[in-house]
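J.: 3D model of this:
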Amino acid sequence: MNHLLLSRASGWVPGLLLAIFAVLLAEPIWDADFWWHIASGRWIWEQQALPGSDPFKVFGDGNPIRLSTVLQGQWLGQLILYGLFQSGGADAVVGARVALLLLTLWLLWQRMRQRGSSLLNLLLISAAGFCLLAYTGDRPQLYSILYAALLAWSIERAETRADARYYLLLPLIGLTWANSHGGVILGVVIVSGYGLIWWLPRLPLPCTAPRLRWHYTLASAAFAATTLCTPNGVDTYRYLLNLQGSELQARTSEYVSSLLLFQQGHYGLQLWALLILFCALLALPLLVRQDARKAALTAGLILLSLESFRYFVFLLVVALPYLSGALGGYWQQRAAAGFQRCQQPGWSLLPLALTLILALTLYQPGPRSGINPDRYPRQLTTALTAAATLQPARNGGRTFNWMRWGGYLLWHTPQLTPFIDGRMLNDDRLVPYTHILWATPQGVQWLEQGQFDWIILPARSPGGESYALHQHLARQPRWQIAARNAEGYLYRRH
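T.: I've put the predicted structure just below:
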């Protein structure tokens, strides 16, 4: 009887794990880039066209490829985010994000359950869920995560069932992915690399119907072709390749190595990333003997993850089942007795218990949807809107702002013109922005040349330092404090 009860209980473990992560993933909207994405979606919807230049008049046409790629290359993802926000508000956006990431975990589980140890599978799924907590920013990058998971699932489904009809999903994934987010370039690398290695001779490959090779070749070619069916075509790839190693990339925290997350204070996430990378390195020699395609793909994703944490999520959603299969198979061969004991139903409850304990330590009481009030200048923006309505701006409402608040201002104050936002279409603005914040002699000169009507920024930097611009403005009689609260300061030119 006890064995039967444990068996029934263990059958619910994957569903209970997903329920735990559904709660953890339901964070209020916090991402600074969310607002400029939906502001872009609003403009596209209202104009029924794609912008040829910055519709918010923040940036000029300094780099046509970067301009068109950022403004037009994510139009579908931006429209979806805008539609969700318009139809159901912040709750709809949070709900869609939770559903998308849970679907990604479910696709992972479907690929893992047929291989390896159920105990190991559950432990790795739990680790993947905790890693996905770092990717809850509501922006088109979310769709790249799901598309990568769907791509790997479709390819494996066709092989395991010897059914080429699953390859028909590849062109559809490529078309929607390419118009949603620039991460599709990684999808092209995965699909083409997987196909090329399949045709190399004398490599250990799985027993798959030979006709699938030709079907896959055609499907992968169609996938690559559909990724060019975008407003920018090949320019998308040119921009992403030019971005590698640039100063703009160096200034973006997402491009930090997965081994250096602790330098940004993400100690818990660093441990999860190290755990996954350690498992990947252990599994790689085993994969070389089993399937050269999966070994090469996993090795490439490891290298990308070491270069940038932005790409670490693709190691999770594509290669995690490969790691589980390789490590589980090795475990089964080397420790058959222990392996059989760990396959008993009671052991499946161990990952559930560990996940629940860790989830309770991470859980923060409070709203599980809506907008995080600590991330945005809600009161200052209300004061800015009211003041700008009463006092018409002399210079078109030019506003010097904190960069993380730029997107929020684009959405809430379309009548004003922020100095900078998270799009960073022109990295030449980063230098004046930094100098103005710290009121250097050159920064003071740029401040005067900017002819700003408003200045809105927090009192201190993320590191706790007081911005020198506040002290400079306090000595300038032509600048007055229009509003001040815990969020920061709003200045207006007298």
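J.: this structure: strands as residue ranges?
T.: Taking DSSP state E as the test, the strands found in the chain are 398-401, 417-418, 454-457, 479-485, 488-493.
J.: Gln47: which of these is closest?
T.: strand 417-418 (18.1 Å; CB to CB). C-beta here means a position set from N, CA and C on the backbone, and glycine is covered the same way.
J.: which parts of the longest helix along the chain are buried?
T.: When the chain is parsed with DSSP state H, its longest helix is helix 75-112. The neighbour-count check on helix 75-112 (16 or more other CB atoms under 10 Å) flags 75-85, 90-94, 96-98, 100-102, 104-109, 111-112 as buried.
J.: which ones are touching Ser369?
T.: Each residue near Ser369 by CB atoms under 8 Å, 6 or more residues apart in numbering is listed here: 26, 28, 90-91, 94-95.
J.: flag the shaky bits of the stretch 151-300 of the chain, pLDDT-wise.
T.: 197-211, 244-252 (pLDDT under 70).
J.: was I right about Tyr363 contacting Val23?
T.: Yes: with contact defined as CB atoms under 8 Å, Tyr363 counts as touching Val23 (7.2 Å).
J.: now do the same end-to-end measure for stretch 457-473.
T.: Taking CA to CA, to the nearest Å, stretch 457-473 runs 12 Å from one end to the other.
J.: cool, stretch 52-69 as well?
T.: Using CA to CA, the end-to-end distance of stretch 52-69 comes out at 10 Å.
J.: 56 is where my numbering starts, stick with that
T.: All set: I'll call the first residue 56, so the last point we hit is now stretch 107-124.
J.: next, count neighbours for Ala514.
T.: Around Ala514 there are 14 other residues, counting by other CB atoms under 10 Å.
J.: wait, isn't it in contact with Asn540?
T.: No: counting by CB under 8 Å, Ala514 does not reach Asn540; the two are 9.8 Å apart.
J.: common neighbours of these two, please.
T.: Counting by CB under 8 Å, 6+ apart, Ala514 and Asn540 have no contacts in common.
J.: dump the residue contacts of Trp466.
T.: 90-91, 93-94, 97.
J.: quick check, pLDDT for Leu136.
T.: pLDDT, Leu136: 97.
J.: go on, the one 4 residues further on?
T.: Predicted confidence (pLDDT) for Phe140: 97.
J.: the residue nearest to Phe364 when sequence neighbours are not counted: neighbour count?
T.: With sequence-adjacent residues excluded and distances taken as CB to CB, 6 or more residues apart in numbering, Phe364 is closest to Ser313, at 4.7 Å. By other CB under 10 Å, 24 other residues sit near Ser313.
J.: list the contacts for Ser313?
T.: 328, 332, 360-361, 363-364, 367.
J.: from those, which one has the minimum pLDDT?
T.: Lowest pLDDT of the contacts of Ser313: Ser363, 88.
J.: my read is that that one contacts Leu314, right?
T.: No: between Ser363 and Leu314 there is no contact under CB under 8 Å: 10.8 Å.
J.: quick check: the residue lying closest to Ser95 once chain neighbours are set aside vs Arg152, distance?
T.: Of all residues beyond its chain neighbours, the one nearest Ser95 is Gln133 (4.8 Å), with distances taken as CB to CB, 6+ apart. In this view, Gln133 and Arg152 are 15 Å apart by CB to CB, to the nearest Å.
J.: quick one: contacts for the residue nearest in space to the middle of the chain?
T.: With distances taken as CA atoms, centre = their mean, the residue of the chain nearest its centroid is Gln196 (4.2 Å). Shown in contact with Gln196 (CB under 8 Å, 6+ apart): 190, 236, 238.
J.: and which of the residues you listed is nearest to Leu471?
T.: Of all the contacts of Gln196, His236 has the smallest distance to Leu471: 28.3 Å, by CB to CB.
J.: now the closest one. Nearest residue, chain neighbours left out?
T.: Once flanking residues are discounted, His236 sits nearest to Pro195: 4.1 Å by CB to CB, 6+ apart.
J.: ok, that neighbour touching Gly128?
T.: No: Pro195 is beyond contact range of Gly128, at 9.1 Å (criterion: CB under 8 Å).
J.: overlap of the contact sets of these two?
T.: Joint contacts of Pro195 and Gly128 (CB under 8 Å, 6+ apart) are His236.
J.: quick one: the helices in the stretch 56-205 of the chain?
T.: For the stretch 56-205 of the chain, the helices defined by DSSP state H, counting those that start in this stretch occupy 57-66, 68-80, 89-102, 119-127, 130-167, 173-187, 196-215.
J.: in a markdown table: the ones you listed, plus distance to Thr282.
T.: Shown next, in a markdown table, are these (distance: least, CB to CB, whole Å):
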| stretch | distance to Thr282 |
| --- | --- |
| helix 57-66 | 40 |
| helix 68-80 | 28 |
| helix 89-102 | 20 |
| helix 119-127 | 13 |
| helix 130-167 | 13 |
| helix 173-187 | 25 |
| helix 196-215 | 11 |
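J.: residues in contact with Val78?
T.: Val78 is in contact with 414, 418, 423, counting by CB under 8 Å, 6+ apart.
J.: in helices only, show me those.
T.: Judged by DSSP H, these include Ala414 as members of helices.
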